[in-house]
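Visitor: Pasting the sequence and the predicted coordinates here, then a few questions.
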Amino acid sequence: MQRRNSDDSLKQAWFNSTTHIQSYLMKPTIASNYLAIFAPQIHNTYTTTASFLDVHSAVNPSDKVDYDAGATNAATFAETLSRYRALAPLLRSDHQGPVSGEGRSHLFGVGYYDDIEAQINSAGNGPRTQGSWLPLLVDFELLKLHDKTLTHGVGYYERFYADQNDNSQFITFSKSAALGYMATELAYGHGGFIPMTEPPVRVYDFVDVAKLEHRHVLPAQLLYANAMPVNILYHDSISNDEVSVSDYIRRYPTSFALSTNDHYLSQVRVTYDNGLIVCVNRHPTRTWQVQVGQPAGTFNFNASPARRTSCGAARRTCFPICSLGRTVGSSINQT
């Protein structure tokens, strides 16, 4: 039943720090057998219309390879990958609805799962490999994954705002933190996410965060869900021009990933094939004066005043969103 390491020891899985119970990884080849037993019972008991599968869509299959010589296709990456991917359609059938999965290494699962809780781990620097520490490096996500499924969120708040040693922070986060989280959702073209409410509550006000997600992320989500990027440019706040990610990193190869540096890769403009333009500034100190849309366009009530097509006061998370000459975006003060 348990997957084995190359030295024939059992592969450890989740360790419960509360109960101090160590779990062990199930063989990938028998996971579907257990799903076939329990998923129909759950559906029949609760009349489910959707499901969520933890872990399988989040992990790198290379780390879950079964080295038991008696296992089917022992010691192969492809066997684990195909077995984990096969769980999604089984759940979809059993629960008669969409299946969502946990994110991290979800590039292996998009297109098989209908939705992913999409934790961001691209372009890590040293021990800082998650969320808010990372540069806005959106190209792979938008160009290779976006058209396969509409993911939501950018990871659980406690992971997105991990400490400097990459430890999750199980604390209550401020409105400023929530706005930074939403700006990142918009940059990556993700759907909205409302965090958990059980203690410790993840955000300052659960209802207010839900309203902010509905007000600022949902309108953009509806516009970019079925659109594809045609241009992705990064603003260089030093030279005040916009360049590709390759050119930006060539300019600042040792500092683009450092959130404390002026060259931090954190100001991005994404243009979609339906005319939508999303501009996000997530630099902690530097401003970005953005020109988008048409002066006669209409902003929603959270946008810059006087119908101006620009934003960028100090300490601002700015994400104007334009569609086909009709500005429908927002600019939120993060202070």
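Guide: Perfect, I can see it now. If you're wondering where the values come from, they're calculated on a predicted model, not measured in any experiment.
Visitor: From here on, just use CA atoms for contacts and neighbour counts.
Guide: Noted.
Visitor: With residue 91 as the reference, measure out to residue 277.
Guide: Plainly put, residue 277 is 36 Å away from residue 91 if you go by Cα to Cα, to the nearest Å.
Visitor: Repeat that for residue 46.
Guide: In terms of Cα to Cα, residue 46 sits 14 Å off from residue 91.
Visitor: who's more crowded, these two?
Guide: residue 91 (25 against 10; other Cα atoms under 10 Å).
Visitor: show me the contacts for that one.
Guide: Residue 91 makes contacts with 35, 39, 51, 99, as judged by Cα atoms under 8 Å, 6 or more residues apart in numbering.
Visitor: for whichever strand or helix holds the second one, what is the average pLDDT?
Guide: By that I understand residue 39. Using DSSP states H and E, residue 39 maps to helix 31-46. Over the span of helix 31-46, the pLDDT mean works out to 93.
Visitor: Tell me how far it lies from the chain's centre.
Guide: 28 Å (Cα atoms, centre = their mean, to the nearest Å).
Visitor: Which strands and helices lie in contact with it?
Guide: With contacts defined as 3 or more Cα pairs under 8 Å, 6 or more residues apart in numbering; DSSP states H and E, the packing partners of helix 31-46 are helix 77-95.
Visitor: Relative to residue 30, how far out is residue 100?
Guide: Residue 100 is 21 Å from residue 30, by Cα to Cα.
Visitor: beta partners for residue 270?
Guide: Under the criterion DSSP bridges, residue 270 forms beta bridges with residue 232, residue 278.
Visitor: quick one: contacts for it?
Guide: 187, 229-233, 277-279.
Visitor: change it to 7 Å
Guide: When contacts are counted by Cα atoms under 7 Å, 6 or more residues apart in numbering, residue 270 is found next to 229, 231-233, 277-279.
Visitor: Just the buried residues out of the residues you listed, in PyMOL syntax.
Guide: Only the buried members of the contacts of residue 270 enter the following PyMOL selection, criterion being 16 or more other Cα atoms under 10 Å:
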select buried, resi 229+232+233+277+278+279
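Visitor: could I get the contacts of residue 270 as TSV with pLDDT and distance to residue 160?
Guide: Compiled in TSV, these are given as follows (pLDDT from 0 to 100; distance: Cα to Cα, whole Å):
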residue	pLDDT	distance to residue 160
229	96	25
231	97	27
232	98	23
233	97	24
277	88	25
278	90	21
279	90	21
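Visitor: which residue sits closest to residue 107 in space, ignoring its chain neighbours?
Guide: Distances taken as Cα to Cα, 6 or more residues apart in numbering put residue 145 closest to residue 107, at 6.9 Å, once the chain neighbours are dropped.
Visitor: Show me the shaky parts of the stretch 101-250 of the chain.
Guide: The model of the stretch 101-250 of the chain has pLDDT under 70 over residues 125.
Visitor: need the helices for it, in chain order.
Guide: Along the stretch 101-250 of the chain, the stretches classed as helices by DSSP state H, counting those that start in this stretch are 139-140, 157-160, 175-187, 206-212, 218-224, 245-251.
Visitor: Make CSV from these and add distance to residue 83 and mean neighbour count to it.
Guide: As requested, the helices of the stretch 101-250 of the chain are exported to CSV (distance: least, Cα to Cα, whole Å; neighbours: other Cα atoms under 10 Å):
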stretch, distance to residue 83, mean neighbour count
helix 139-140, 25, 14
helix 157-160, 27, 22
helix 175-187, 30, 22
helix 206-212, 36, 15
helix 218-224, 31, 19
helix 245-251, 35, 15
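Visitor: Now render the ones you listed as TSV, adding distance to residue 105.
Guide: Converted to TSV, the helices of the stretch 101-250 of the chain look like this (distance: least, Cα to Cα, whole Å):
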stretch	distance to residue 105
helix 139-140	13
helix 157-160	14
helix 175-187	17
helix 206-212	27
helix 218-224	22
helix 245-251	22
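Visitor: and of these, who's closest to residue 127?
Guide: Comparing the helices of the stretch 101-250 of the chain by their distance to residue 127 (Cα to Cα), the top pick is helix 157-160, with 13.1 Å.
Visitor: CA atoms of that closest one as CSV?
Guide: Output of helix 157-160 as CSV, limited to C-alpha atoms (Å, rounded to 0.1, in the frame of the first residue of the first chain):
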residue,chain,number,x,y,z
TYR,A,157,-2.5,33.6,2.7
GLU,A,158,-0.2,32.0,5.3
ARG,A,159,2.0,30.7,2.5
PHE,A,160,1.8,33.7,0.2
